[in-house]
Structures are given as C-alpha cells and as structure tokens.
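Student: my questions concern the predicted model and sequence given below.
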Amino acid sequence: MKFQRYINQHTNQITLITAILIGVGLLGKVVDSDMIYTVSFIAASIISAVPIVLRAVSALRFKTISIELLVSIAVIGAFIIGEYNESAIVTFLFLFGTFLEDKTLAKTRHSIKGLTEMAPTTAMIVDDDGNTEETDVDFVDVDDVVLVKAGGQIPVDGEIVDGSGHINEASITGESKLVTKGTGNQVFSGTILDNGTLKVRATKVGDDTTFGKIVELVEDAQDTKSPAEKFIDKFATYYTPAVLIIALIVGLVTKDFRLAITVLVLGCPGALVIGAPVSNVAGIGNGAKNGVLIKGGEVMNTFANVDTLVFDKTGTLTEGKTAVTQFKDYSRDQLALQIATAVEKQSDHPLAQAVVKFSGDHHIPFEDVQVADADTVKGRGVKATANGKNVLIGNLRMMNDENVDLTSEQRQDLENIQGEGSSTVIVAFDGQIQAILGISDVIRQGVKQSLATLKSLGIKKTVMLTGDNLQTANAVAEQIGIDEVHAELLPEQKVEYVKQFQQEGHKVAFVGDGINDSPSLVTANIGIAMGSGTDVAVETSDVVLMSSGFNELIHAYGLSKKTVINTKENIFIAIATVVALLIGLILGFIYMASGMFVHEASILVVIFNAMRLINYQPKAAKLDPDQLSVGEWDVSLKQ
Amino acid sequence: MSKAILQLDALSCPSCMQKIEGALEKQDGVENVKVLFNAAKVKTDFDGDKISADKLSDTVTDLGYEVQSMKVK
C-alpha cells in the first residue's frame, strides 16, 4: 500500500520520465539506432504502466471494472506482441490526459473551493476576566464571547454585545456594500469586519451557522446528480465490462489479437462519464460565485424547463417596506407635516414610521413642535394636542367621526391615491383637512425590466399571488406588467393556485421570501427563496437567491438553461467521438495510439466546453423608455 | 452513532468514489457512507464502540488517498 501511495504521489514525475524516454526513442529512430529505439520504448512502457495497472488492480479488489483495467490489458497485450511504441504512447497519453483533466477539473471546481476556503478557521475567545485567547474555530461553543478586530473575520453567528463597526456581508448576502452594526445586532459567521472592534456572543457555531449551511448545501449540490448523470453512471457500470466482453469476442472471432486490444482502448468511456458532471460542477460553481445557490443537477434540469413564474408580492416584487409615495399639502406651509411627524414619532405603526422616514428624508424640522396627550383610537388613528392645536391623524372614518369634512378637491385626491393601491393618512387640525399622505409598498428597482428579461429567456407566464387587497395588488401589477393577479389569498389558497397551474401542464417555479411561503415553495416544481440566506429558506427551497435581487433570479434561470444545454453538448461530443472512432477502426485508419489520443482530446474538449459556464453572465433585455419609467418612479419618491 | 467528515486530496476519477464507499461500508459499525466527489469529502456515520475514527481514516489512507483532516462529532 505504501508503494501504491508513493506511485500515486509521483504520477506526474512518471509521466515526465515517460515523455523523455519516448523522445529519446524517437531520436533513436532518427539516428537509425534500433537499440536506442527499442530499449527506450520498452522502458517507457513499463514505467508508465505501473500506476495504471496498480489503479486497475485496486479497483478490481472492490469488484469494479475500471477504465484503467481496459487500458492495462491493452497495453500488456501490445507489449507481448512486441508493439512497444504503441504501448508506450498509449500509456503516456493516458497519464498525460489524466494530468490535464485534473488541472482543468480543478478550474471548474475553483469557485466552490473558494467558497469553502472563506470559512473562518480561528477565533479569539474572551473569558470572564476579559482575557483573550486564540483558538481553533471548532472549539468555540454557543454563548462564548469572541473578540473581532478590524479586518478580521467573524467566526460565529451571534449577537454583538459590545462595540460597533462596518461589516462586509458579501459571503452571506452577495452584497459587498458595508453594513453598519452595533450592540444588539446580529452578525454572521464568514462576514468580514471592515473597521471597528466587536465582542460577539455566539448563538450558532461551526456547521450550524448560516455560512456553514451554505457551504454544505453547495458541496452537496455539486454531487447531486441530474437524471442524465444517473443514467450515464448506470450505463457506465455495464458499459465498461461490456467493452471487455466485446473485445474478447472480436479476438475470438477474427483471431486478430491487435484488433481485440485496439477495441479495448477505443471503447474507453472517458468523455461520456465526465461530460455531464463537469457541466454541473461548473454551473453550480458559477451560481455560488454570483449569489445563486442551486441544489444540484436535478434542480438545474427542472428549473431550465420552468415556463411559469409565480411570485409572492411582499418581499419579492416589492421591498416589503412601506414608504410615503404621495403627499398632498393643503396648508402649503409644511406645518401639517411637521406636526404629523412629531406625533407619529411616538408610534411604531408601519404607516407612522413611513411618515417619520419621509420627513427625515426631506429634512422637515419637527423638534420644536410641542406634543401633549397623544391617544391612539383603534382602527382610526391618533388624536393629540400639538402646539396648542387639536390634531387628528388617521383615516377617513376618523374624519367622519370627528365631523371634519373634505372638500371636493380633497375627496378626489383621496380617491386617486387609493386607486393607486396606497393606504392613506389624513392630517387635520383647526377643524380642517391640512394634508393627505399616500403610503404604499415600494416596488423593487427594475422589476418590470427584469420580468421582460425573464420572458425573453423563456418564461411564458408570470403570476402574482398575494394576501394583500385587490386594489393594491392591481396597482402593483399594472406598474410591473405581470400577466395574472390573484389577491386576498391565504397561504393554503396560494398552494391551490400553484397546483392548478401544474395541472394545466405548466412547470411552475414559486418565488417567495421563504418565511411564510414554505407550503408553496415545496409544492412548486422549483421553490425559489428570495431573501438573505435564512435557515428556513436554505432548507425548504431548491434555489436560494442570497441578496434577494431580481438580477440573481435572471442569473439563476439563464444559468440553468445554459448548463442543461452544455450538458447535452458534452454528451453529444462524447457519443460522436465513440462513433467516429468505430468508423475509423472499421475503415482502418485508427489504431491504438491514435485512438487513445482522440479519446483524451475529447475528454479535454468536454471539460473546456464546461469551463465556458464558469464566466457565464445573462444578457439583460433591451430597455425601452416605458420600462425605464418604473425605475424613475422609485427614485423620485426616495429623493 | 457518531458522524465523521474526512477531507481528502482532490479526487479525479469517479471510480475512486466506489472504491472508498465499498471499503468503508465493509467495516463493522459503519453506516451511511457518502463520498462527495467534487468536494473530495467523505461523510459517514459510525458506531464509536465498534470502530474508532482513526481506523476510518486509516482505511481510506490504505486505499491510496491522502486524508487532509478529519472532524468527528
């Protein structure tokens, strides 16, 4: 066994020696020395056959008929009948081919390796006396406090108990913008503290952290086989012994030993076995690098066939955050907004927060407003006294209750705002309406264009399912140009719609934020979790989009299509090679060494073909002015 | 039942997987062997009373594969 390991470790040197010997042999031929020629090729054959035969034997011990076995028999056969040059060149090509395959395979695996190497290795544990000690990250327990310095990697998932700083969370969210975090905030293992100093209490360590789960998912994904791969694996287990038997029959029937051993070399299933897996590895690696986690070859395959995209509204099409999108000021002096902000500042209602944020963004001063006796009226709004005025902030029902009338202009504005699907907040004092604010869910940047791009890539139908009211749903749908809308749904009803589309013969992908959509994510052919890589999302979905952007959705869909095509190309190349070799053999211009050369070349061709996937980027659909308008609409509100 | 994760040097031939899986599964006390070809990792459940983690690592090494590191939990 020691010998085998030694040989395994020195295969590259053996390949080099073989190459030199073959060179010397050819030189011998040039100077017309049969001695040099024969001795060199015999030596090259024997030396290079050693690692191949060893591998063949060790596989045979586990009842596996390997490619090495076919090559070994052929080479030994050629050697016996005195074809030293053939045996030397075949073994050399096989070894050299394997060497190149290792190098190129490593390239296809590079992205994923890069990900696992980003995992933290050490941590500074702080003990009760405040002393720090550096240990291996595996020895950190939950509830330990670790110290992270500027430039350092956060080694655990946890909560900041002391300090603050800017964190690069690209390894979790794919977003390299720095995030400011301080005491009480959650931080993730694998993210990097750009500046500042933190003490973090560990809530999850090691493989339980979000980053650990992502790494595990990606590692498992590249070995989760597509149906094509499973078929080829099965095929290969019968194919290789079958080649052995066919060669035996050919030998017995034709009594041509050379032909029989040639069949052994030509029959090697090289490119076929490696072709499909290498495409998947490259594809999944590309995804991992671009914030798209695809769980394996089977998912890749199914996703490529999806024609219907079903979206949950909140958190996917919209940001899930409310913002003021309309502001009608009838007092014209901004006093209404100042007073409203001062009053709403004390509330944590989402509508109130939207108002406060709006004022903050527009630098509205409200510090001087004196607020007294703010009372919440359930289902109506807030009553307060501010700057000595009786202030009402609430909905239309509140105004009616308090006998504050709207002018016809105001009534028209109110209807317009509601027609756009926004919630309304009315501000009144001195018995008069002072302002009306429209507040709605903010649509994500560039959704309309992204949906158009997805259509150009092959999606036939886009659907929005939401628990929100129909008016809001329609308003959002109109702005982003979605095909079908169903509103006021419970989670169970969303599942029913997904099932219905499937019964109509569609392949459905459901896109949700992964929190309350689990049933739909599981029911759909492909469940896509859009949102930071939360545990639930990682576990229940087939595809995880790390930074919840639409670009990643496009990337994932385009990538799976490209990967499936790439796999098919590779299978075609492999089969075409075998057919071409057989024809060449029958026509008599292919022999052992040339056959082996074509084989090794075809393996490299499929690997190179797969490597094209590593740098794949989807093309965006062309913009037209109409599509751009959605983006501008967003910007103008945010200012 | 304990769980062991072995990190190996890069694997290049799919038949390596069958070899490693076969050899480990034959050991008494070993269950659920999973070889991740691309990640070059072996994940397996084993009964600590019947077989030691070091024996697992030795089995793989004897087949001719270098074990870079091993985690047991």
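Tutor: Looks like it arrived, so ask away. Numbering: from 1, shown residues only, chains lettered A, B, ... in the order given.

Student: could you pull out the helices for the stretch 1-150 of chain A?
Tutor: With DSSP state H, counting those that start in this stretch, the ranges of helices along the stretch 1-150 of chain A come out as A:2-9, A:11-30, A:34-61, A:67-80, A:84-117.

Student: how about chain B?
Tutor: Ranges of helices within chain B are B:14-25, B:53-62, based on DSSP state H.

Student: where are the low-confidence patches of chain B?
Tutor: Residue ranges of chain B with pLDDT under 70: B:13-15.

Student: tell me which of the helices of chain B sits most buried.
Tutor: Of all these, helix B:14-25 has the most neighbours on average by mean count of other CB atoms under 10 Å in any protein chain shown, namely a mean of 19. (C-beta placed from N, C-alpha, C; glycine too.)

Student: the nearest residue to residue A:37 once chain neighbours are set aside: how many residues sit nearby?
Tutor: Once flanking residues are discounted, residue A:37 sits nearest to residue A:28: 3.8 Å by CB to CB, 6 or more residues apart in numbering or on different chains. By other CB atoms under 10 Å in any protein chain shown, the residues close to residue A:28 number 18.

Student: now swap in residue A:376 and tell me
Tutor: Count around residue A:376 with other CB under 10 Å applied: 15.

Student: residues in contact with it?
Tutor: A:347, A:382 (CB atoms under 8 Å, 6 or more residues apart in numbering or on different chains).

Student: so which strand or helix has it?
Tutor: strand A:371-377 (DSSP states H and E).

Student: pretty sure the residue nearest to residue A:37 sits against residue A:36.
Tutor: Yes: at 3.0 Å, residue A:28 and residue A:36 qualify as touching, with contact defined as CB atoms under 8 Å.

Student: and the helices of chain B as TSV, adding distance to residue A:202?
Tutor: Converted to TSV, the helices of chain B look like this (distance: least, CB to CB, whole Å):
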stretch	distance to residue A:202
helix B:14-25	33
helix B:53-62	25
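
Student: can you say which of those is nearest to chain A?
Tutor: helix B:14-25 (4.1 Å; CB to the nearest CB).

Student: okay, the angle between the closest one and helix A:67-80?
Tutor: Between helix B:14-25 and helix A:67-80, the angle comes out at 110 degrees (axes from the mean of the first three to the mean of the last three CA atoms, to 10 degrees).

Student: tell me who's in contact with the residue nearest to residue A:37.
Tutor: Residues in contact with residue A:28 (CB under 8 Å, 6+ apart) are A:34, A:35, A:36, A:37, A:38, A:40.

Student: can you give me the strands in the stretch 101-250 of chain A?
Tutor: In the stretch 101-250 of chain A, the strands defined using DSSP state E, counting those that start in this stretch lie at A:122-126, A:132-136, A:145-148, A:157-168, A:178-181, A:186-187, A:192-204.

Student: same list, those, but as TSV with mean neighbour count, mean pLDDT and distance to residue A:485 please.
Tutor: As requested, those are exported to TSV (neighbours: other CB atoms under 10 Å in any protein chain shown; pLDDT from 0 to 100; distance: least, CB to CB, whole Å):
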stretch	mean neighbour count	mean pLDDT	distance to residue A:485
strand A:122-126	19	88	49
strand A:132-136	12	85	53
strand A:145-148	23	91	46
strand A:157-168	19	90	38
strand A:178-181	16	86	34
strand A:186-187	17	89	35
strand A:192-204	19	90	39
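
Student: now render those strands as CSV, adding distance to chain B.
Tutor: CSV is the format used below for those (distance: least, CB to the nearest CB, whole Å):
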stretch, distance to chain B
strand A:122-126, 15
strand A:132-136, 11
strand A:145-148, 20
strand A:157-168, 17
strand A:178-181, 30
strand A:186-187, 24
strand A:192-204, 14
